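In: heads up, no residue letters with this:
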DNA sequence: TCAAAAGTGTTATCCTTACACCCATGT
DNA sequence: ACATGGGTGTAAGGATAACACTTTTGA
């Protein structure tokens, strides 16, 4: 590293840069992610110099692939740690990752590309029917063992605390946003195939959850975490919905993303209170039970609300 | 762009990558940012391949430079738009930017490096004594002119709306987090030197606020925006405070960052309620008025609270 | 005594949470 | 009738915002 203060023009050091996309959708009540290589990797490729910008290039590429406009794109993170290389060669790569939201629909992924339920990769993150049965035995108890196995007492305490917070043990509530922290804990403990590949441990039995190439699973976790956080303060769920939808469909989408169940009456009020939707006048009829009103996203909110929500007790005047 | 699904190994396309740091501190009741080249640029330099990771490399560099531990580092954004090159050569550079927080103290910036009040670059962002006098004439009225000058009606409406929201006109409240949006509006309207340099407009009189090289001012705005947002939901202010401090000092630091005044009694209650600080038993004596208790940050909160704060109405059980 | 800052009390309001309940449709 | 989902009412509790006020020091 040389952040030289007096640097004239930066020297033209060169690195391989690639782009990685976490493309999310919701269908059939499940959260989906676009994958390639038969589910083993996220879509990615070299960053070419003639793009207008990273974001617009990514958008164009996705729209070409899926035939659908990408509703929303945001940069996720840029990874550059050495231990990313992973696969033999110590080649250093910089990965710039993006999160994109789309309505799945015609998921005409060419070749071996396709949409997968993202809980295939993180089965412990789906708590819509309560904590999964395997969690305690296959994960938590082994992490407890790992925490106890640290060298000194301080480290043991620290690990135990991270474990409790990440997985919502001992009075800590489960926090669905901590998906990356949970993955990293499991990784550090050597319980995922990716960690084993990197030679950090000898070969323990892998835990439930499908691995991915390189660090794509970490990137996916980063994307899910961002989305789980964002749905709480920005109206991004709507990017994943069809043009019109019932409030229950909307709720199911939120639940799919969060991996948690939501309180129906209060959810409806929340949506209505914030004026996020408007009535279309029509009702959905093909469903069981009483027909539900169909709503559409009130796109005006995107402009109206810069949102943000104060948290500082300001003085008036 | 070629996010080829079937990509075997990405081709070794090469780009120049550099790191840019937004280092923030608070002293003398003012927010500071570390600059080089006599205040014209942010510290930056080429990214070298032998670093362990971006973050740790940046941390090491800063600690060497300032002699102080960097309390907090986070990645800001990776810029790669073509129009960044700006300065003659169409050379494409990728800039990975970071936000770092430190206690200024011995700001022994070597050479022409040093701490600057960040409102030198964004004078309209400091509203601690109300909206600055020049705002209406030097900025808002000219932006209104720019909004009216758009080609078609739709674009005029869109510009007027962005203007109203960004600058808190027509019933919209001022939102201190929108600093980047405000800067981009001013940039698009051709009112900053940086835009003129890029040849977007002929030469209008520049508005108050010091320009920077390349797009460093945009990066700085990104950093300030992140920090202004983050102090509301994470205890990061404390990274900028001395080991012990009074509640008024803490309040002044928050005000300096936000560019807004805070309601004292309610601020104190907020801090205490959340158990963010603990009493040291000592009091500050050298100040005017009644001596204030000195507090210290309760570092335990970093571990205890994964924080997050639900916004979804979950079902119990 | 006054200025300056520390610090406390109290209220109105809003938002969130939880619980209870009724409504409309198809089988 | 009953299952399924749609939809409303309301009350308790907590957080926030606003106002008014007392306390402690140094000059």
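Out: The structure has been received and is ready for your questions. Keep in mind that this is a model prediction, so the values were computed, not measured.
In: out of the helices and strands in chain A, which is least certain?
Out: When the helices and strands of chain A are scored by mean pLDDT, DSSP states H and E, helix A:54-66 comes last with a mean of 75.
In: which neighbouring elements make contact with that helix?
Out: Secondary-structure packing of helix A:54-66 (3 or more Cβ pairs under 8 Å, 6 or more residues apart in numbering or on different chains; DSSP states H and E): strand A:14-27, strand A:72-79, strand A:93-101. Bear in mind the C-beta positions are built from the backbone N, C-alpha and C, glycine included.
In: show me what counts as buried in the first one.
Out: It refers to strand A:14-27. For strand A:14-27, a neighbour-count test (16 or more other Cβ atoms under 10 Å in any protein chain shown) marks A:15-27 as buried.
In: how about the helices in chain A?
Out: Along chain A, counting by DSSP state H, helices occupy A:54-66, A:134, A:141-148, A:153-167, A:179-188, A:193-197, A:216-230, A:247-258, A:264-273, A:300-304.
In: just name the most buried of those.
Out: Highest mean neighbour count among the helices of chain A (mean count of other Cβ atoms under 10 Å in any protein chain shown): helix A:216-230, with a mean of 23.
In: and that helix, anywhere near chain B?
Out: Yes. Using Cβ under 8 Å from any Cβ of the partner chain, a contact is recorded between helix A:216-230 and chain B, made by residue A:229.
In: counting by contacts, list what that helix packs against.
Out: Right, helix A:216-230 is packed against strand A:14-27, strand A:30-35, strand A:72-79, strand A:93-101, helix A:179-188, helix A:247-258 by 3+ Cβ pairs under 8 Å, 6+ apart.
In: please state the offset of it from the chain centre?
Out: Helix A:216-230 has its C-alpha centroid displaced from the chain centroid by 2 Å (Cα atoms, centre = their mean, to the nearest Å).
In: circling back to that earlier point, quick one, the least confident helix or strand of chain A and strand A:93-101 angle?
Out: Helix A:54-66 runs at 60 degrees relative to strand A:93-101, counting by axes from the mean of the first three to the mean of the last three Cα atoms, to 10 degrees.
In: quick check: mean pLDDT of stretch A:302-313?
Out: For stretch A:302-313, the mean pLDDT works out to 72.
In: mean pLDDT for the helices and strands packed on helix A:54-66: which is lowest?
Out: Looking at the helices and strands packed on helix A:54-66, the lowest mean pLDDT belongs to strand A:14-27 (a mean of 86).
In: that one packs against which elements?
Out: Contacts defined by 3+ Cβ pairs under 8 Å, 6+ apart place strand A:14-27 against strand A:30-35, strand A:44-46, helix A:54-66, strand A:93-101, helix A:216-230, helix A:247-258, strand B:14-27.
In: export those as JSON lines, with columns for distance to DNA strand C.
Out: Below are the helices and strands packed on strand A:14-27 laid out as JSON lines (distance: least, Cβ to the nearest atom of the strand, whole Å):
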{"stretch": "strand A:30-35", "distance to DNA strand C": "22"}
{"stretch": "strand A:44-46", "distance to DNA strand C": "38"}
{"stretch": "helix A:54-66", "distance to DNA strand C": "31"}
{"stretch": "strand A:93-101", "distance to DNA strand C": "23"}
{"stretch": "helix A:216-230", "distance to DNA strand C": "16"}
{"stretch": "helix A:247-258", "distance to DNA strand C": "13"}
{"stretch": "strand B:14-27", "distance to DNA strand C": "16"}
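In: where does the one residue in the stretch 151-300 of chain A that gets nearest to DNA strand C land on pLDDT?
Out: Nearest residue of the stretch 151-300 of chain A to DNA strand C: residue A:290, at 3.2 Å (Cβ to the nearest atom of the strand). If you check residue A:290, the pLDDT there is 87.
In: now it. Its backbone dihedrals?
Out: Per-residue torsions, residue A:290: phi -60, psi 140 (degrees, to the nearest 10).
In: quick one: it from residue A:246, how far?
Out: The gap separating residue A:290 from residue A:246 is 11 Å, by Cβ to Cβ, to the nearest Å.
In: who has more neighbours, these two?
Out: A direct count of neighbours by other Cβ atoms under 10 Å in any protein chain shown for residue A:290 and residue A:246 places residue A:246 higher, at 16 against 6.
In: contacts only, for the closest residue in space to the more buried one that isn't next to it in sequence.
Out: Of all residues not flanking residue A:246 in the chain, residue A:292 sits nearest, at 3.9 Å (Cβ to Cβ, 6 or more residues apart in numbering or on different chains). Counting by Cβ atoms under 8 Å, 6 or more residues apart in numbering or on different chains, residue A:292 touches A:246-248, A:283-284.
In: flag every residue of the stretch 151-300 of chain A that's near chain B.
Out: Contact residues, the stretch 151-300 of chain A versus chain B (Cβ under 8 Å from any Cβ): A:161, A:165-166, A:172, A:175, A:177-178, A:181, A:229, A:231-233, A:254, A:258, A:260-263, A:266-267, A:270.
In: mind running it again at 6 Å?
Out: Taking Cβ under 6 Å from any Cβ of the partner chain as the measure of proximity, the stretch 151-300 of chain A contacts chain B at A:161, A:165, A:175, A:177-178, A:232, A:260-263, A:266-267.
In: what is the nearest of the contacts of residue A:292 to chain B?
Out: residue A:247 (12.7 Å; Cβ to the nearest Cβ).
In: low-confidence regions, the stretch 151-300 of chain A specifically.
Out: Applying pLDDT under 70 to the stretch 151-300 of chain A flags residues A:199-205.
In: for DNA strand D, what's its nearest residue on it.
Out: Counting by Cβ to the nearest atom of the strand, the stretch 151-300 of chain A gets nearest DNA strand D through residue A:289, at 2.7 Å.
In: quick one, phi/psi of residue A:259?
Out: Dihedral pair for residue A:259: phi 70, psi 20, per degrees, to the nearest 10.
In: got the contact list for it?
Out: Neighbour list for residue A:259: A:125-127, A:176 [criterion: Cβ atoms under 6 Å, 6 or more residues apart in numbering or on different chains].
In: quick one: which of these is nearest to chain B?
Out: Nearest to chain B, judged by Cβ to the nearest Cβ, of these is residue A:176 at 8.5 Å.
In: so what's the residue count around that closest one?
Out: 23.
In: from what I see, it and residue A:229 are in contact.
Out: No. Applying Cβ atoms under 6 Å as the test, residue A:176 and residue A:229 come out as separate, 9.1 Å apart.
In: which residues does the residue positioned nearest the centre of chain A contact?
Out: Among the residues of chain A, the one closest to the centroid is residue A:224, at 1.2 Å (Cα atoms, centre = their mean). Shown in contact with residue A:224 (Cβ under 6 Å, 6+ apart): residue A:179.
In: again, 7 Å this time
Out: By Cβ atoms under 7 Å, 6 or more residues apart in numbering or on different chains, the residues touching residue A:224 are A:118, A:179.
In: for residue A:302, same thing?
Out: Listed by Cβ under 7 Å, 6+ apart, residue A:302 has no contact partners.
In: switch the cut-off to 8 Å
Out: Taking Cβ under 8 Å, 6+ apart, we find residue A:302 in contact with residue A:235.
In: do residue A:217 as well
Out: Taking Cβ under 8 Å, 6+ apart as the contact definition, residue A:217 lies against A:121, A:183, A:192, A:194, A:211.
In: ramachandran coordinates for the third one?
Out: In this entry, residue A:192 is assigned phi and psi values of phi -110, psi 150 (degrees, to the nearest 10).
In: what's the neighbour count on it?
Out: 21.
In: ok, and the closest non-adjacent residue to it?
Out: Spatial nearest neighbour of residue A:192, excluding adjacent residues (Cβ to Cβ, 6+ apart): residue A:186 at 5.6 Å.
In: and for the first one?
Out: Here the nearest residue to residue A:121 in space, its sequence neighbours aside, is residue A:210; by Cβ to Cβ, 6+ apart that works out to 5.3 Å.
In: neighbours of that neighbour, just the number please.
Out: Residue A:210 has 17 neighbours, counted by other Cβ under 10 Å.
In: show me the contacts for it.
Out: Residue A:210 touches A:39, A:120-121, counting by Cβ under 8 Å, 6+ apart.
In: again, only this time at 10 Å
Out: With contact set as Cβ atoms under 10 Å, 6 or more residues apart in numbering or on different chains, residue A:210 has these partners: A:35, A:39-40, A:116, A:119-123, A:192-193, A:217.
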